[in-house]
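>>> Fold the stuff below for me.
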Amino acid sequence: MLAFGQSKVPFIKRDNFMAKSNDRLDSIVREARRNAEQREAGYRAQALKMYPWVCGVCTRTFTHSNLQLLEVHHKNGNHDDNPPDGSNWELLCTYCHEHEHSKLKDMAGRQDVKQEGPVATHNPFAALKDLLERKKPE
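Modelled structure (predicted):
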């Protein structure tokens, strides 16, 4: 029986395990820092530095604690159009941003769109009346 604090695993194996564990942790931290730098270079980080943290529609204000709810909306709808002056961006809360995009989808759905492909000609209920007539008790 082992006393408290003792282990069957030799110290060398535990030390190797700890070294591997620390290497893994170091690589995770390096990757997180690299991702943060890439985000800083992205348009969201630029817009957050450029504009006040206020929704452009409902004027809700944001702090560091709820900043994840503030999103960048591309005014012209082109997510690749990111001018350095930020003229294509506006900051919107997640709710107003969703509403903006749903308005675009609604407008697209109301436009006359030519139906492509063949129109269905099969009517699955064509003989239903006859079937029901036959099942009626007399």
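>>> ok, residue 48 - how many residues close by?
Residues within reach of residue 48, counting by other Cβ atoms under 10 Å, total 17. Heads up, the C-betas are built off the backbone N, CA and C, glycines and all.
>>> which residues sit in contact with it?
Applying Cβ atoms under 8 Å, 6 or more residues apart in numbering, we find residue 48 in contact with 67, 70, 91.
>>> Hmm, residue 63 and the second one touching each other?
Right, the one you point to is residue 70. No: Residue 70 lies out of contact with residue 63 (Cβ atoms under 8 Å); the separation is 9.9 Å.
>>> Would you state the strands of the chain in chain order?
Ranges of strands within the chain are 70-74, 89-93, based on DSSP state E.
>>> What strands flank the first one, and is each parallel or antiparallel?
Strand 70-74 has its sheet partners listed here by DSSP bridges as strand 89-93 (antiparallel).
>>> Give me the contacts around the strand it pairs with.
Contacts for strand 89-93 (Cβ under 8 Å, 6+ apart): 43, 47-48, 50-58, 60, 62, 69-75, 82, 100.
>>> From residue 33, how far off is residue 27?
11 Å (Cβ to Cβ, to the nearest Å).
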